[in-house]
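# here's a sequence, model it:
(chains A, B, C and D)
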4 protein chains.
Amino acid sequence: MPVINRIADFQNDMAAWRHDLHAHPEIAFEEERTADFVAKKLAEFGIEVHRGLGKTGVVGTLRNGEGPAIGLRADMDALPITEAGDVPYKSTVPGKMHACGHDGHTSMLLGAARYLAETKRFNGTVHFIFQPAEEGSGGARVMVEEGLFEKFPVKAVFGMHNWPGLPLGDFAIKPGPMMAGSDDMDIFITGKGGHGALPHLTVDPVVVGSEIVGALQTIASRMTHPVDSVVVSITNFHAGEGYGVIPETARLGGTVRTFKPEVQDAAEEAIRRISSSIAAAHGATAEVDYKRRYPPTLNHEAEVEIAAKIAAEISGEARVDRNPMPSMGAEDFSFMLNKVPGCYIWAGAGEETPNLHSAFYDFNDDLLPIGSTYLARLAESVLE
Amino acid sequence: MPVINRIADFQNDMAAWRHDLHAHPEIAFEEERTADFVAKKLAEFGIEVHRGLGKTGVVGTLRNGEGPAIGLRADMDALPITEAGDVPYKSTVPGKMHACGHDGHTSMLLGAARYLAETKRFNGTVHFIFQPAEEGSGGARVMVEEGLFEKFPVKAVFGMHNWPGLPLGDFAIKPGPMMAGSDDMDIFITGKGGHGALPHLTVDPVVVGSEIVGALQTIASRMTHPVDSVVVSITNFHAGEGYGVIPETARLGGTVRTFKPEVQDAAEEAIRRISSSIAAAHGATAEVDYKRRYPPTLNHEAEVEIAAKIAAEISGEARVDRNPMPSMGAEDFSFMLNKVPGCYIWAGAGEETPNLHSAFYDFNDDLLPIGSTYLARLAESVLE
Amino acid sequence: MPVINRIADFQNDMAAWRHDLHAHPEIAFEEERTADFVAKKLAEFGIEVHRGLGKTGVVGTLRNGEGPAIGLRADMDALPITEAGDVPYKSTVPGKMHACGHDGHTSMLLGAARYLAETKRFNGTVHFIFQPAEEGSGGARVMVEEGLFEKFPVKAVFGMHNWPGLPLGDFAIKPGPMMAGSDDMDIFITGKGGHGALPHLTVDPVVVGSEIVGALQTIASRMTHPVDSVVVSITNFHAGEGYGVIPETARLGGTVRTFKPEVQDAAEEAIRRISSSIAAAHGATAEVDYKRRYPPTLNHEAEVEIAAKIAAEISGEARVDRNPMPSMGAEDFSFMLNKVPGCYIWAGAGEETPNLHSAFYDFNDDLLPIGSTYLARLAESVLE
Amino acid sequence: MPVINRIADFQNDMAAWRHDLHAHPEIAFEEERTADFVAKKLAEFGIEVHRGLGKTGVVGTLRNGEGPAIGLRADMDALPITEAGDVPYKSTVPGKMHACGHDGHTSMLLGAARYLAETKRFNGTVHFIFQPAEEGSGGARVMVEEGLFEKFPVKAVFGMHNWPGLPLGDFAIKPGPMMAGSDDMDIFITGKGGHGALPHLTVDPVVVGSEIVGALQTIASRMTHPVDSVVVSITNFHAGEGYGVIPETARLGGTVRTFKPEVQDAAEEAIRRISSSIAAAHGATAEVDYKRRYPPTLNHEAEVEIAAKIAAEISGEARVDRNPMPSMGAEDFSFMLNKVPGCYIWAGAGEETPNLHSAFYDFNDDLLPIGSTYLARLAESVLE
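You can find the predicted model right below:
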């Protein structure tokens, strides 16, 4: 049973919805048109619509009997990227595009909603969660903080992401970490500026910053268990102008990726200790602004078993990778998984599809019926 | 004999000239009004005027008998600094000011010219050289390249700079290096950009640049004779934007200061070797653009003896420092000293005068008769 | 069925054998007395004995029917450590002790051999492989190179290690990496020695070595996939004597740990590139002697399933950890697993047992019947 | 007047004395035979002998009239080096030799003493100071601390060193620094040792020591005035044994050379600050043992004038270098110059003479009459 026949029938509709969304991309917390679109469709399907959580978030609720409730989640936002590809439904908004496939995610969940509303082969309640601002702004966090799971209590929540590089029809999922936690940091170094020819009258923040960059490498190489993962990248370094003046300050910024809270804590502590101590070695000071952004996306074991079973129904056991290498990328669905049980799965977008966030990326429409079937069958299976 | 009486009589005139120049500052190669002012004064004094060398340069020639010729040099340009002090003759040009005292240098040389034209107590020829663009643009180099000393051959050339921190009336001079040679460099590092969470797919130019900054310290600490002087300052470091992307490139820039050609050559060679080798250690490349700007200002021994004798006549032996610590600053008079014998002297501007290039700096008018006497007496002494 | 009753009956015998071996430790390739002991016991049990592979290796062969063959492996060597604990059967050889429990491994395999020889509840052949020199000298490699699996072909081979920290009765096993590959390296830096006060006449190998240590950190932090494991430790650094002389050379040594050949290859390549390039940055040279010692211990999936099933029979599913964090330690059983299918399991030695290689370590005798049962049941299960 | 005729007559005697001393070298504070030799000669010349200062020090006092007193100083000790050259008077003591020419210094001063005792062309007192232990042990410091200049007050003290590379007959001298101050340091780093494969359980002192070596380079490159001299050399770095164990500690040692107390103080402070702060950056500790050994040898201006005049009498003005580049080597005569006025001169030992401290070095006997004349004329000139 690769795909539910009735959902296969929706293929053209789902593609049309996606192309419409694709042509009208909206970025974080600005998904007004998209939310209207989603709300209108849900209403058409006879699904109860709730709006306003997370500013532009939409929740559709479909009840059928006394069974428990589950959440199915899609993200709606686009990216501040100018589309480079050339498709009939190309972005009409300069500087914005659906470069991560959220147009497809939304359409697949709408397809599943339509099917479930039609067929109602489940006992309980399905909440269709359409969230804003997955890209960097934590729309999921905002919905959760505003009471998503108090208003719409669920037994489990499920997310999915299309995955370029993974063959179409393949799935990948594992218990524990699927995506990394992601933090940002800024390091502000204050030395003493002065004439480039008179270094002895200065405290050179360029030298201090450079030593800090070097010493930060030891967080991965010396301080963290070799089997654990940690990334500390200094992605920007700015100090000084021109040739003649040693600057007063240097500014470094970067990202930290981890899968475990204790590794994250140790990395933050080490960044603070290394920065301040190395600055002190040279008579400078360093101030660290460490911003915890997204926690790691940690799948719950029981829900992984359910999701893997559904995936295997669709594509066969052999096409479900049960032990993929987790991604160092981040995903704000992690905020939902930290609140209620659930899991997050990668659905193959094909080996030819350009990378996520590429200006040439376009969601693979062939995935629409597969992903939509997966979501619908999850609901039917959990709410048997 | 502290100051020539006749020159003391010019004090008010010299101050007036300086205040006029101060109120109308012009930066490198734009000294049109200043050059007109100088040319007009020289003509008034009955001195032959030559213009056009170094674009805005002026040379006044005063002949009296068959003796040899000497050159007396002043610089005319202002700096792109907004004046912060509050004097009646404050700069009328926003963003430009005479923050290095070239207004005073020009006025002192005009004073000496007037005196020598009146008194003619010398046998030979004096060339009064008013050069443009001392600040960073090498006006002296341009004049020399355009044939200054072919058109106006001299036995020796003399320069002077007012020196805040040194008491008024004091002089400082020594054979050999007085001011450093100054070079600029840019180091362009090319790695491979990519996702901040996936460093293994990148070649991180921030790490490479930081290691280069560290290794460059060894030019002073390991590679240069401890008694020789060298400064290698990385004064700017720029790479990347934001938190999530490891940049493709990093750009470093800075200055090198030396007193000896062999130290300068070794420093350049080391910068090239260190940059390319450390880049190669990480699979990156580094391109070094090394720009030789100003050679060191090297005083000739015989002319130092003459200059020190004149300075001692004015202020007494005790006030002439014959072994000052040379300055790591640079001076384009070095191009003249590389061409013909001569020397460069510091004349005390007083301990209260703000530093050169300070927005609060103002030339000390009390130095006008002292410096002008020094220049006039040099001519009389060399051309006895 | 926690433990086979008949094997439980051997507990005192197995303990006595172990204590005898413990009192008479022999290190790598010197296991003469131990091999005699093993051979004598095997002969007593009516098992065919083969000697001479790997110098002191012993293979016992027990045939019963036409079924396939399996290998069960134990290691026999002690360590060059002086025993600090105080047991009745304490090492009688100063400077040598069984600090890794190979005395226990040998006794457990002898127990299993005795049981299987008595009961013969299997169809096929069991090869009992007692190897020398597991500690650093690669006795397993030598036996394999000398034709172990050509002389004694097996369908699969199984190894086991007692594991302090893991509760007694617990097991841990997973497909893929269980123990790391381990390489050694030496880096010889040649600069130019000279007077400590005249660094400019030298090429300072201490500075070069220090920069190399710093740059090597990037192998873990920048060059390796964050989810892969790599350790590059410089464990020794030696250069110079006294205060007055910059040495001619510096010598660094260390270890590299990896789980994947491609990570190992990349690490070696990076060590070579970093060492030579950074040396070149300072006019020095670096020679790298990279010695591949042990490959990673990679369990085969099918044999893991068998082993885990047996372990669960003994201790219950809940006490078999199917996803332990692999160890960065190394094990020469890897050479056998690179040749034939098989797997390697950790058997809990209790949370109170001191660490392996501690001078206070002693094998936990309570593990004898558990481990022996595991080995015996493996044979019975594979050769059903 | 190149050389005093009467002193020229002593050439063979002085050479014979030197060869005797050369054949019987004695190292720091063991100069018993040498001191006996010197005392015997002085007594023969009719000079009053004082012994016991600085253990083996000898002071000869020659009075003639009421004038002031001066000190003339020679050093007597040999070095722990095995002589490699082949001279008739080769060292008879294995492992010891006069590799720095103190045999010649002693003989020249004995020659001057003999001449002055014979001729007495001076009015006042000459103290002939023969000191032990110039090489590293500070014999001059000990004599000064034990009251040298209280027991034998002098108006000025004069030292001399033969200087290979400088042509025979040439002298070099300048006011201020002639030889550097020399300090020793040890840096003890304590981390946390452990398994080479488990860096996260350790604090790696090799990484800490390497970063400290790097950061120490900034003392020369950033913290010290570019025209001032400073050398910070880490001449030894020792940590760990073997490949498998990250060591608990690392030990660094080295030398610091400076000409000015404020530079010396700043260097010590920076070494302490850098070591402890960089250790702290990684959770380690660093203890610095900084040993002030020899201060810089700073010539007094007035005595330089006297000495240069005498040197010019002997060799002509042109052969007296009045502005030599100072040496980064150290000299314990500095302790005497810190107590009383005086100066230290280099006397050319010829361009062919091997370097000081070379196993092939031998004092150039042709210098004996020149150096002896210099010392004798100093006394006559100061005590006119």
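# count of neighbours near A:Lys41?
Other residues near A:Lys41 come to 21 when the count uses other C-beta atoms under 10 Å in any protein chain shown. In short, each C-beta sits where N, CA and C put it, glycine included.
# three-state assignment of it?
helix (DSSP: H, G, I helix; E, B strand; the rest coil).
# contacts only, for the residue in the stretch 1-150 of chain A that chain C sits nearest to.
Nearest to chain C in the stretch 1-150 of chain A, going by C-beta to the nearest C-beta, is A:Gly136, at a distance of 20.0 Å. A:Gly136 is in contact with A:Ala28, A:Arg293, counting by C-beta atoms under 8 Å, 6 or more residues apart in numbering or on different chains.
# distance of it relative to A:Gly57?
From A:Gly136 over to A:Gly57 the distance is 16 Å, taken as C-beta to C-beta, to the nearest Å.
# same check, this time on A:Ala280
A:Ala280 is 47 Å from A:Gly57, by C-beta to C-beta.
# neighbour count for those two, which is higher?
Legend: neighbour count by other C-beta under 10 Å for A:Ala280 and A:Gly57, higher for A:Gly57 (25 against 19).
# now the terminal residues of stretch A:200-210, how far apart.
In terms of C-alpha to C-alpha, to the nearest Å, the two terminal residues of stretch A:200-210 are separated by 18 Å.
# would you mark the buried spots in that stretch?
For stretch A:200-210, the neighbour count (16 or more other C-beta atoms under 10 Å in any protein chain shown) marks A:His200, A:Thr202, A:Val203, A:Asp204, A:Pro205, A:Val206, A:Val207, A:Val208, A:Gly209, A:Ser210 as buried.
# quick one: low-confidence ranges for chain A?
A:1 (pLDDT under 70).
# and the residue nearest the centre of it?
Closest to where the C-alpha atoms of chain A average out (C-alpha atoms, centre = their mean) is A:Glu331, at 2.4 Å.
# and the helices in the stretch 1-150 of chain A, which stretches?
A:5-9, A:11-23, A:32-44, A:102-119, A:139-145, A:148-151 (DSSP state H, counting those that start in this stretch).
# one more: the stretch 201-350 of chain A?
A:205-218, A:261-281, A:301-315, A:333-337.
# can you dump the C-alpha atoms of the third one in CSV for me?
This means helix A:301-315. What follows is helix A:301-315, C-alpha atoms only, in CSV (Å, rounded to 0.1, in the frame of the first residue of the first chain):
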residue,chain,number,x,y,z
GLU,A,301,10.9,6.1,21.3
ALA,A,302,7.3,4.9,21.3
GLU,A,303,6.2,7.5,18.7
VAL,A,304,9.2,6.6,16.6
GLU,A,305,8.0,3.0,16.5
ILE,A,306,4.6,4.1,15.4
ALA,A,307,5.9,6.4,12.7
ALA,A,308,8.4,3.9,11.4
LYS,A,309,5.6,1.3,11.1
ILE,A,310,3.5,3.7,9.0
ALA,A,311,6.5,4.6,6.9
ALA,A,312,7.2,0.9,6.3
GLU,A,313,3.6,0.3,5.3
ILE,A,314,4.0,2.9,2.6
SER,A,315,7.5,2.2,1.3
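# ok, back up a step: redo the helices of the stretch 1-150 of chain A as a markdown table? Include distance to chain B.
Below are the helices of the stretch 1-150 of chain A laid out as a markdown table (distance: least, C-beta to the nearest C-beta, whole Å):
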| stretch | distance to chain B |
| --- | --- |
| helix A:5-9 | 34 |
| helix A:11-23 | 23 |
| helix A:32-44 | 24 |
| helix A:102-119 | 18 |
| helix A:139-145 | 17 |
| helix A:148-151 | 26 |
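# deepest in the core, which of those helices is it.
Compared across those, helix A:102-119 shows the largest average neighbour count, a mean of 26 (mean count of other C-beta atoms under 10 Å in any protein chain shown).
# who are the packing partners of it?
helix A:5-9, helix A:11-23, helix A:32-44, strand A:58-64, strand A:69-75, strand A:124-131, strand A:156-163, helix A:367-382 (3 or more C-beta pairs under 8 Å, 6 or more residues apart in numbering or on different chains; DSSP states H and E).
# among those, which comes closest to A:Cys343?
In terms of C-beta to C-beta, the element of these nearest to A:Cys343 is strand A:156-163, at 6.3 Å.
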